[in-house]
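> only geometry, no sequence info:
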């Protein structure tokens, strides 16, 4: 059973385990420190406690990942960029697909957001499938939009508009 909830101190060990896995972090933001330390995990838990737009993904009572939305500023405040990751041992179970669906519905129902978008590395086929299963539509390719570990990546822009 999937649940989106606030992070708490009991999540620290799992955060460290998942976010030190190169396969988990290979396509996500470099804003996540590497190596990911106890101090980093404590900071994350403490600073995400009061955010309604950052959620721990819990599955069958266990932390499995994170999902969040970053609202735009000024004329872009009607939209938000979605981000998510799942610990590797939980991949291919439909958890990310379900979490994105639940979070998307929650954002459209309980906020003033009318547009959600995700910029996903073109090589991240699993994340692309998650978005497409949830009705996110391809908008275009951002060529060499990101650089990680000295390698440039094209990113695909996906969005979903509230109905």
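Sure, I can see it. None of the values given here were measured: they were computed from a predicted structure. Numbers count the residues shown, from 1 in each chain.

> how far does stretch 74-85 sit from the chain's center?
How far stretch 74-85 lies from its chain's middle: 12 Å, per Cα atoms, centre = their mean, to the nearest Å.

> mind listing what's buried in that stretch?
79-85 (16 or more other Cβ atoms under 10 Å). C-beta here means a position set from N, CA and C on the backbone, and glycine is covered the same way.

> Can you tell me what sits against that stretch?
18, 24-25, 28-29, 53, 57, 65-72, 96, 99-100, 103-104, 107, 112-119, 130 (Cβ atoms under 8 Å, 6 or more residues apart in numbering).

> unless I'm mixing things up, residue 148 is touching residue 30, no?
Yes - at 6.1 Å, residue 148 counts as touching residue 30 under the criterion of Cβ atoms under 8 Å.

> The two - which one has more neighbours?
residue 148 (14 against 11; other Cβ atoms under 10 Å).

> how near is the more buried one to residue 142?
Computed as Cβ to Cβ, to the nearest Å, the residue 148 to residue 142 distance reads 14 Å.

> contact partners of the longest helix along the chain?
Scanning the chain for the longest helix, with DSSP state H as the assignment, gives helix 95-110. The contact list for helix 95-110 (Cβ under 8 Å, 6+ apart) reads 2, 4, 53, 55, 57, 59, 64-65, 67, 69, 80, 82, 84, 86, 113-114, 116, 126-127, 129-131, 133-134, 160, 162-163.

> Right, I'll leave it there.
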